[in-house]
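Trainee: Sequence and computational prediction follow.
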Amino acid sequence: NAGVTQTPKFQVLKTGQSMTLQCAQDMNHNSMYWYRQDPGMGLRLIYYSASEGTTDKGEVPNGYNVSRLNKREFSLRLESAAPSQTSVYFCASIPRRQGTTEAFFGQGTRLTVV
Amino acid sequence: AQSVTQLGSHVSVSEGALVLLRCNYSSSVPPYLFWYVQYPNQGLQLLLKYTSAATLVKGINGFEAEFKKSETSFHLTKPSAHMSDAAEYFCAVRIYTDKLIFGTGTRLQVFP
């Protein structure tokens, strides 16, 4: 049982390049989230998908797009990377929409934009 | 919109001392509250959660938290710190089916 799997684990991009961060969960969870973690700022929500077929903006969506490909997969795309997007990105999933259930996290993707 | 505030970005304690990490929330409706821990270069792991069943919640590794509606607080405590408790701790809030929002985190250092 792999849980939440993120790929890649590390990535270096040049300014202006594009890339897609992949996230997959094998727990049959309904909701999936993308966060970025920066020193002193905690985890900030970029986008989330409450259920298959829906996506919504979080606190810091600018410069990102997402795709809920199916129930298992939720990808995050940077169309034109900027140094300000240097961060650690975490994907998470939640079993059901009810608020009582906790999130399960991947191990993170460390992205550096030069 | 819901939010959480964690007072103190860094907390230092001696091994064996009381650990107190503060979390205050803002919400117009009853919230669900969570504490997560993050060890270096790892993802987040659930410590405990409040889901309205009981105001005092016990979690893993000897941690507990008490929900106080009058103070809009959900502080995390542990009676006796251990070196292995050194990590970053995050408080988070969720309302019904809405998004999960995190605080800015508190880094706990434990000195021998």
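Mentor: Structure's in. What do you need?

Trainee: so which strand or helix has the closest residue to A:G16 other than its chain neighbours?
Mentor: Excluding the flanking residues, the one nearest A:G16 by C-beta to C-beta, 6 or more residues apart in numbering or on different chains is A:S80, at 5.3 Å. Where you see a C-beta, it was placed from the backbone N, CA and C, and this is true even at glycine. Using DSSP states H and E, A:S80 sits within no helix or strand.

Trainee: could you list every residue that touches A:S80?
Mentor: A:16-18, A:63 (C-beta atoms under 8 Å, 6 or more residues apart in numbering or on different chains).

Trainee: Pull the most distant pair out of those.
Mentor: Spatial extent of the contacts of A:S80 (C-beta to C-beta) is set by the pair A:Q17 and A:G63 at 12.8 Å.

Trainee: near chain A, which residues of chain B?
Mentor: Counting by C-beta under 8 Å from any C-beta of the partner chain, the residues of chain B close to chain A are B:6, B:9, B:31-32, B:34, B:42-46, B:49, B:51, B:90, B:92, B:94-105.

Trainee: from these, which ones fall inside strands?
Mentor: Per DSSP state E, strands hold the following members of those: B:32, B:34, B:44-46, B:49, B:90, B:92, B:94, B:101-102.

Trainee: What subset of those residues is buried?
Mentor: Burial by neighbour count, judged by 16 or more other C-beta atoms under 10 Å in any protein chain shown, picks out B:32, B:34, B:44, B:46, B:49, B:90, B:92, B:94, B:101-102 from those.

Trainee: Of the residues you listed, which is the nearest to A:L45?
Mentor: Closest to A:L45, out of all of those and judged by C-beta to C-beta, is B:I101, at 6.5 Å.

Trainee: Using a markdown table, please lay out the buried ones among the ones in strands among the residues of chain B next to chain A together with pLDDT and distance to A:T55.
Mentor: Below are these laid out as a markdown table (pLDDT from 0 to 100; distance: C-beta to C-beta, whole Å):
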| residue | pLDDT | distance to A:T55 |
| --- | --- | --- |
| B:Y32 | 89 | 22 |
| B:F34 | 94 | 23 |
| B:L44 | 92 | 22 |
| B:L46 | 93 | 24 |
| B:K49 | 92 | 25 |
| B:F90 | 97 | 24 |
| B:A92 | 94 | 20 |
| B:R94 | 87 | 18 |
| B:I101 | 90 | 17 |
| B:F102 | 93 | 19 |
